[in-house]
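Engineer: got a sequence here, can you build the structure:
(one chain, ligands or ions: 2)
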Amino acid sequence: MPAIAPDIHSLSPLSFRDALTGGEVTREDARAMFATAASFKRGPAGCREVLRGRSVVLVFEKPSLRTRLSFEVGVAKLGGHAVYYGMTTERIGERESVHDYARNLERWVDAIVARTYSHEVIEQMAQFARVPVINALSDEFHPCQALADLFTLQEHAGPLAGRRLAYIGDGNNVCCSLVLLATTLGLRVTVITPEGFEPPEEVRALASSAAANSGGAFTVTSDPGAVRGSDAVYTDAWTSMGFEHEAQRRRRVFEPYQVNAQLMATAGPDTLFMHCLPAHRGEEVTDEVIDSPRSIVFDQAENRMHVQNALLAHLLCAGEKPADRR
Ligand code: CP
Ligand code: NVA
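Structural biologist: Ligands and ions are numbered 1, 2, ... in the order given. Sure thing, here's the model as predicted:
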């Protein structure tokens, strides 16, 4: 049996137990997880022992490629066991209460990873379960994505504090988690949306206060020209899962917010392009931008796995002694 990597026994505890929005992550948490993610990415010996004997359930109400695969493959790489439990034909809480789902799951698994429509369901799971709950995307937040995005931006652009990040498009789940984490980490964040599609007031207030504390900045505007001077331009689907009935209207409203060659030229010659994927080519982004050398979208996708593995390792193994493994 390979030795357990020594650094696994010095993993620092995080300041939170449940990853629900991205707003619970402190600068120290992010620094610790990013260092662990980088070491997993380099592939240190002993990785396969990190989650040995641990099980994680993935309860998904919505479809997924990246989140499902990156958790399933990632947990296996750390020697653990991930079980996918698809709930795409019913909602959590329908067959039995959310309370009872949570109290069953905690008896079998060490962590619950859940993708839901209602964010309240994730909050209830976290309230009732005695194991960590990780939001794998709800209608309101996508914290795993934000962690991977900022780790990826750091890989490409260097230290994050003071970097200029422009998010353009719908002020949706991806946008909300991104702005909460990015402002905590000291970035200068501009959200550019058509009027009426801004992130909710509560998220804007949290982001403004995080920026004030970190030395970053947070601005919301409807002017696409505000991408000028950004280190990275980020966009996401104009119509998120669950909002398909609004797709036609959204295509009209969001047209001036497409990330195309002209918008990237306005942003700057070295501006990176980011997207959580799946992309809707020809809508929020053109082929020439997403396929350009400035696009780091597949690095973001790869890093989902390394960062989620780091999150799980810190949540489940921090404070563990070598003797605990025997
Ligand atoms: N970015 C992301 O969460 O992708 P999936 O919907 O494929 O999981
Ligand atoms: N905002 C998108 C993200 C998909 C990963 C959605 O919720 O459908």
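
Engineer: could you use CA atoms for every contact and neighbour count after this?
Structural biologist: Will do.

Engineer: what ranges do the helices span in the protein?
Structural biologist: Taking DSSP state H, the helices of the chain run over residues 27-42, 66-77, 98-105, 119-128, 143-157, 173-184, 201-214, 247-254, 261-267, 287-290, 297-317.

Engineer: distance of residue 183 from ligand 2?
Structural biologist: Distance, residue 183 to ligand 2, using Cα to the nearest ligand atom, to the nearest Å: 20 Å.

Engineer: what parts of this structure come near ligand 2?
Structural biologist: 172, 173, 174, 237, 240, 241, 277 (Cα under 6 Å from any ligand atom).

Engineer: thinking again about what came up before, can I get the helices of the chain in JSON lines including mean neighbour count and mean pLDDT?
Structural biologist: Putting those into JSON lines (neighbours: other Cα atoms under 10 Å; pLDDT from 0 to 100) gives the following:
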{"stretch": "helix 27-42", "mean neighbour count": "18", "mean pLDDT": "97"}
{"stretch": "helix 66-77", "mean neighbour count": "20", "mean pLDDT": "98"}
{"stretch": "helix 98-105", "mean neighbour count": "17", "mean pLDDT": "98"}
{"stretch": "helix 119-128", "mean neighbour count": "19", "mean pLDDT": "98"}
{"stretch": "helix 143-157", "mean neighbour count": "23", "mean pLDDT": "99"}
{"stretch": "helix 173-184", "mean neighbour count": "28", "mean pLDDT": "99"}
{"stretch": "helix 201-214", "mean neighbour count": "18", "mean pLDDT": "98"}
{"stretch": "helix 247-254", "mean neighbour count": "14", "mean pLDDT": "98"}
{"stretch": "helix 261-267", "mean neighbour count": "17", "mean pLDDT": "98"}
{"stretch": "helix 287-290", "mean neighbour count": "18", "mean pLDDT": "98"}
{"stretch": "helix 297-317", "mean neighbour count": "23", "mean pLDDT": "98"}
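
Engineer: need the ones you listed in JSON lines with distance to residue 232, can you?
Structural biologist: JSON lines is the format used below for the helices of the chain (distance: least, Cα to Cα, whole Å):
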{"stretch": "helix 27-42", "distance to residue 232": "19"}
{"stretch": "helix 66-77", "distance to residue 232": "21"}
{"stretch": "helix 98-105", "distance to residue 232": "39"}
{"stretch": "helix 119-128", "distance to residue 232": "28"}
{"stretch": "helix 143-157", "distance to residue 232": "8"}
{"stretch": "helix 173-184", "distance to residue 232": "12"}
{"stretch": "helix 201-214", "distance to residue 232": "18"}
{"stretch": "helix 247-254", "distance to residue 232": "19"}
{"stretch": "helix 261-267", "distance to residue 232": "8"}
{"stretch": "helix 287-290", "distance to residue 232": "12"}
{"stretch": "helix 297-317", "distance to residue 232": "11"}
